[in-house]
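*Asks:* sequence unavailable; structure follows:
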Ligand SMILES: CC(C)(COP(=O)(O)OP(=O)(O)OC[C@H]1O[C@@H](n2cnc3c(N)ncnc32)[C@H](O)[C@@H]1OP(=O)(O)O)[C@@H](O)C(=O)NCCC(=O)NCCS
């Protein structure tokens with residue numbers, strides 16, 4: 001029987017080089033596939049240093065299956081008052097078994113515990129073609145209650161990152177009202 005556990009990574013793990021390397025590798029591997037064609041070859045989603053900062057802030061939750069790292073999600077409280085989740089990943093070996101759903105529920109549970117009324121996520125979408133992973137995410141997030149509230153040009157919003165894009169892209173902000 002498999003044992004699934006989702007817990008916040010303790011801030012002290014920002015000094016755990018082995019954990020950071022494993023988690024950074026998982027996130028970058030998953031995103032290299034999930035955002036293929038959107039970024040220039042070799043663009044990575046995160047770095048050990050950036051992830052260490054997220055862990056230090058107490059914002060990273062990790063999913064472990066039988067003790068092995070199998071997924072992650074980052075949560076944060078936005079200055080505008082919403083909760084936000086991002087960097088949602090499930091390792092390819094554990095897809096389709098409910099891990100992604102449990103990570104989202106964990107993030108939403110955290111936001112409710114913080115007394116936040118709204119959860120936000122952002123989806124990066126190529127403007128001129130349909131990306132199969134993004135179309136799956138768009139349909140799934142809609143099924144679980146998220147609605148688009150704003151679309152912006154990625155290049156205009158993040159001009160410093162534009163040179164890394166391989167194709168014009170928009171990001172769509174989704175919100176879900178959390179029931180208490
Ligand atoms: C998004 C992601 C975390 C989901 O992980 P997962 O563990 O496979 O998710 P789950 O098993 O909980 O399934 C999520 C939903 O997809 C559906 N699903 C899963 N695998 C499927 C498949 N092969 N075909 C069709 N639907 C599928 C499930 O039925 C579920 O829908 P439901 O909640 O309406 O029942 C994972 O696909 C991933 O890491 N993707 C790449 C990274 C990424 O794009 N992250 C999001 C950035 S915004």
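*Replies:* Done, it's in. Everything numeric in this text was worked out from a predicted model, so none of it was measured.
*Asks:* what does this structure have sitting close to the ligand?
*Replies:* By CB under 6 Å from any ligand atom, the part of the chain that sits against the ligand consists of 30, 34, 88-90, 95-101, 121, 123, 133, 137, 140, 143-144. Every residue, glycine included, has its C-beta placed from N, CA and C.
*Asks:* 8 Å instead, please
*Replies:* Residues of the chain found near the ligand, taking CB under 8 Å from any ligand atom as the criterion, are 30-31, 33-35, 71, 86-92, 94-104, 121-124, 133-134, 136-137, 140-141, 143-144.
*Asks:* gap between the closest residue to the ligand within the chain and residue 14?
*Replies:* Nearest to the ligand, among the residues of the chain, is residue 100, at 2.4 Å (CB to the nearest ligand atom). Distance, residue 100 to residue 14, by CB to CB, to the nearest Å: 25 Å.
*Asks:* ranges for the strands of this structure?
*Replies:* 4-8, 60-65, 68-77, 83-90, 118-126, 147-153, 169-177 (DSSP state E).
*Asks:* hey, which helix or strand in this protein has the poorest pLDDT?
*Replies:* helix 154-157 (a mean of 92; mean pLDDT, DSSP states H and E).
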